[in-house]
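A.B. asks: Compute the structure for the input listed below.
(one chain, ligands or ions: 1)
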Amino acid sequence: MADIWQRAMDHAVAIARKAGEVVREALCDDRKVMTKSSSVDLVTQTDQRVEQLIIQSVKEKFPTHRFIGEESVAAGEACDLTDSPTWIIDPIDGTNFVHSFPFVAVSIGFSVNNQTEFGVVYSCLEDKMFTARRGKGAFCNGEPLQVSDQEDIKQSIIATEFGSNRDPEAVDKIFSSLRSILCIPVHGVRSAGTAAINMCLVASGCVEAYYEIGIHVWDVAAGSLIVSEAGGVLMDVEGGEVDLMSRRIVAANSRTIAERIVKEIDSFSPPRDDAP
Ligand code: LIP
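C.D. replies: Model (predicted):
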C-alpha cells in the first residue's frame with residue numbers, strides 16, 4: 001500500500017536541509033540575541049527566519065496542515081496537538097547556535113491522530129540527516145540506526161541537560177538526579193546541548209539513554225520516533241507512558257536501562273506545553 005505521508009516526509013527532509021544551509025551561513029555573521037521566558041532562554045532572528053521558512057514552504061504544499069513551532073508558540077500561538085496532521089518544529093537549538101557550540105539541529109516531527117508518523121533531525125554542522133518513519137526504522141544519512149545492546153547501567157553513558165530553568169528548587173532536583181545517576185556509577189554523563197541530538201545519540205548507540213525535565217514538545221517530537229524506530233524505549237521520568245506535552249522524558253536503549261534511570265530521578269512537573 002502506498003505510504004500516504006511519504007511526500008510530506010520527503011518535503012521535511014528537503015526543507016530541513018535548506019534550513020541547515022541558512023543556519024550554517026548565519027553562523028558566519030553576528031547574531032542579534034533576544035530573550036524569551038528568561039534571560040537564559042535565547043532566540044535570534046535566524047530561529048524566527050528558519051521557522052517561517054519551514055512553515056511557509058509546508059503551507060504551500062500542504063495547505064490544510066497545522067503547526068506547532070517553538071517561535072510561533074513564543075509569539076503567542078496555541079500549542080495544541082489535535083488529530084489533524086501537525087508539523088512540530090524546532091527551527092534551531094538556540095543556545096548552542098548563539099555560541100557556535102557545534103551541535104545545532106533543525107527538528108521536524110509530524111503527528112496525525114496524536115501519533116508521530118515521521119521525525120527528521122538535521123544536525124547542521126555535522127551534516128547528519130536523521131530520519132524515522134513509523135514502522136519503517138530509523139536512519140542517519142540513509143544508514144540504518146540501532147540502539148546500543150548494553151543493559152548494564154554501570155557500563156553506560158547517559159546524556160542529560162540542565163535546561164533553562166534557574167529556579168533554585170528545580171536546579172536542586174536536577175543536580176540531585178544527576179548525582180544519583182553519576183554515583184550508580186555510570187561510565188559518564190554527557191550533554192550535547194540539544195535534546196534532538198541527544199536522542200539521535202541514543203538511536204545511534206553512542207549513549208545508552210537521555211533524560212530531561214523541562215524540554216518542550218518541539219525539542220523531542222522528532223527525536224522520540226527516531227529512538228523508538230532504532231529499537232529504543234520512551235518513558236516518563238516516573239515510569240509509565242511518555243507524554244510529549246508533559247515536558248519530561250526518558251529515552252533509552254532498553255526498558256532495563258530506562259527503569260534504572262527512573263529509580264534515580266528526583267522528578268518534578270513543569271507547566272505542560274498544552275496548559276491553557
Ligand atoms: C533546548 C533543548 C535542550 C534544553 C534547553 C532547550 P532550544 O532547546 O534542546 O535539551 O536543555 O533548555 O530547551 O530552546 O535551544 O531549542
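A.B. asks: And for Val58, the neighbour number?
C.D. replies: 22 (other Cβ atoms under 10 Å). Backbone N, C-alpha and C define where each C-beta goes, glycine included.
A.B. asks: who's in contact with the spatially closest residue to it that is not a sequence neighbour?
C.D. replies: Nearest residue to Val58, sequence neighbours excluded (Cβ to Cβ, 6 or more residues apart in numbering): Trp87, at 5.7 Å. Residues in contact with Trp87 (Cβ atoms under 8 Å, 6 or more residues apart in numbering) are 12, 54-55, 58, 65-69, 108-110.
A.B. asks: Next, count neighbours for Lys263.
C.D. replies: Going by other Cβ under 10 Å, the residues that sit close to Lys263 add up to 11.
A.B. asks: So it lies in a helix, does it not?
C.D. replies: Yes. Under DSSP: H, G, I helix; E, B strand; the rest coil, Lys263 falls within a helix.
A.B. asks: Ile213 versus that one, what's the distance?
C.D. replies: Shown here: Lys263 relative to Ile213, a distance of 15 Å by Cβ to Cβ, to the nearest Å.
A.B. asks: just Asp30 next, same as before
C.D. replies: From Asp30 to Ile213 the distance is 34 Å (Cβ to Cβ).
A.B. asks: Now do the same for the nearest residue to Trp218 once chain neighbours are set aside: its pLDDT.
C.D. replies: Sequence neighbours aside, Asp90 is the residue nearest to Trp218 in space, at 4.0 Å (criterion: Cβ to Cβ, 6+ apart). pLDDT, Asp90: 96.
A.B. asks: In contact with Asp90, which residues?
C.D. replies: Contacts of Asp90 by Cβ under 8 Å, 6+ apart are 69-70, 105-107, 196, 216, 218-219.
A.B. asks: and of those residues, the nearest to Glu77?
C.D. replies: Gly69 (7.6 Å; Cβ to Cβ).
A.B. asks: contacts for the longest helix belonging to the chain?
C.D. replies: Taking DSSP state H as the criterion, the chain has its longest helix at helix 6-26. For helix 6-26, contacts defined as Cβ under 8 Å, 6+ apart pick out 44, 46, 49-50, 53-54, 57-58, 61-62, 65, 85, 87, 91-92, 97, 104, 106, 108, 110, 117-118, 120-122, 124-125, 127, 129, 131, 133.
A.B. asks: Quick one: name whatever helix or strand follows that helix.
C.D. replies: Using DSSP states H and E, the helix or strand that follows helix 6-26 towards the C-terminus is strand 33-35.
A.B. asks: Show me which residues of the stretch 101-250 of the chain are close to the ligand?
C.D. replies: 161, 163-164, 194-195, 212, 215, 219 (Cβ under 6 Å from any ligand atom).
A.B. asks: could you flag which of these are buried?
C.D. replies: 161, 163-164, 194-195, 212, 215, 219 (16 or more other Cβ atoms under 10 Å).
A.B. asks: Reformat these as CSV; add secondary structure and pLDDT.
C.D. replies: Below are these laid out as CSV (DSSP: H, G, I helix; E, B strand; the rest coil; pLDDT from 0 to 100):
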residue, secondary structure, pLDDT
Glu161, coil, 98
Gly163, coil, 94
Ser164, coil, 92
Thr194, coil, 97
Ala195, helix, 98
Glu212, strand, 98
Ile215, coil, 97
Asp219, helix, 98
